[in-house]
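Show me the folded form of this:
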Amino acid sequence: MATAAPRSESEHAGQSEKVRAYGCENRCIVAIGASAGGLDALKRLVRDISPDIPAALLIVQHVGLTSYLGDILGRAANMPVANAASGTKVKNGHIFVAPPGAHLLLHDDHMLLRRGPRENLARPAIDPLFRSAACSFGGSVIGVVLTGSLSDGTAGLRAIKICGGVSVVQDPDDAAVPDMPLSALQNVEVDHCVALSEMAGLLRRLASELAGPTPEIPPVIRLEAAIAAQEHSTMEQTERQLGIPSPFVCPECHGPLWEIEDGPITRYRCHTGHAFGADVLMQAQADDAEQALWSLLRAHQQRAELAKRTAQREAARERHSLASQMATRAAEHEADAKLIEEIIHRRRP
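This next block holds a predicted model:
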């Protein structure tokens, strides 16, 4: 993966030569991202894709600590499917699936798995794959955003477009969960928006075409790709290049966040590398607020119960003045707990 320093003109020219050396005069990399509802969409897509497609398919689906996605897609596809492994070269007519707990990245002609900082609360995340593919393969990349919630994939798809690649989005009306396709359509100049039934044929056609030119890769895209690959840890340079300080803190590590203006997209990243779209950050803040409310509710309920028990003990000892004070305090805590409970129940799901 490229480092944070800008490439020279000779390095930029060398990228096209490297792409040709990998047999990539066509669009030979198809990077696919999916989240909620993605399993069914991916099964149908890999079932429909022709095994003679002249491209490698790399898939990121948001998964938990355990995943059998590779096995499931292997039973549906008409071409070899494997879990991605560091050092493995990409191959046309093969599907590679990101395993749990690691970002799937591309470095020149081979794959990398890295436990880099989570992006959009996910690892594997879609944006790191898309950015790294854009850095290594430029105009030879097809980026695909399928069904899913929130906005992972949007910033990465924009990076693919900036670096000369082609963007494809599932029609939101055809998606089980339309948020990710809608976000991409609202923030990226999408080349193709199609239903899943049309996507396999479209990808086969696009992969057979000559790749477009690869412009100079913007330093910020290469910097963010390097962060995901754990190849960049200079806080000073990160602060200088990424954006401006924001008043918000990272919900993952509670460090300061920098605000990144990425065309129409506003994103956030902390100095340790956690990254968020604005909608994902709001969701994380909402989760933090709800957790705080539940903790506050429990604290008030416990204080009310302790005050009640103290009042009962003092009454049994005929210390009625103190018992009355504790009973009053218990009632106040119960009223506070009821108010917090009402706030929790009024929150939109």
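
ok, and the closest non-adjacent residue to Asn92?
Spatial nearest neighbour of Asn92, excluding adjacent residues (C-beta to C-beta, 6 or more residues apart in numbering): Pro54 at 5.2 Å. Quick note: C-beta positions are derived from backbone N, CA and C, even for glycine.

actually Arg158, sorry about that
Nearest non-adjacent residue to Arg158 (C-beta to C-beta, 6+ apart): Val188, at 4.8 Å.

can you give me the strands in the stretch 1-150 of the chain?
Here the stretch 1-150 of the chain has its strands, by DSSP state E, counting those that start in this stretch, at 29-34, 56-61, 81-83, 95-97, 103-107, 110-114, 141-145.

mind checking which helix or strand Lys338 is in?
helix 320-346 (DSSP states H and E).

where does that helix sit relative to the chain's centre, distance-wise?
Put simply, helix 320-346 sits 42 Å off its chain's centre (C-alpha atoms, centre = their mean, to the nearest Å).

Quick one: list the elements packing against that helix.
helix 278-316 (3 or more C-beta pairs under 8 Å, 6 or more residues apart in numbering; DSSP states H and E).

Buried residues in the helix it packs on, which are they?
279-281, 283-284, 297, 300-301, 303-304, 307-308, 310-311, 314 (16 or more other C-beta atoms under 10 Å).

Which pair of those spans the longest distance?
Asp279 and Glu314 (52.3 Å; C-beta to C-beta).

So for the strand or helix carrying Leu157, mean pLDDT?
Secondary structure assigned from DSSP H and E places Leu157 in helix 154-162. For helix 154-162, mean pLDDT is 98.

Just checking: what are the partner strands of the very next helix or strand once past that helix?
Remark: after helix 154-162, the chain's next helix or strand is strand 166-170, criterion DSSP H and E. Applying DSSP bridges, strand 166-170 is found paired with strand 141-145 (parallel), strand 192-194 (parallel).

Most tightly packed of the ones you listed?
strand 141-145 (a mean of 30; mean count of other C-beta atoms under 10 Å).

got the angle between it and strand 56-61?
30 degrees (axes from the mean of the first three to the mean of the last three C-alpha atoms, to 10 degrees).

between strand 141-145 and helix 154-162, how many degrees?
Going by the same axes, to 10 degrees, strand 141-145 makes 150 degrees with helix 154-162.

Look up which residues are beta-bridged to the closest residue to Lys161 other than its chain neighbours.
Once flanking residues are discounted, Lys161 sits nearest to Ser167: 5.3 Å by C-beta to C-beta, 6+ apart. Assessed by DSSP bridges, Ser167 has beta-bridge partners Gly143.
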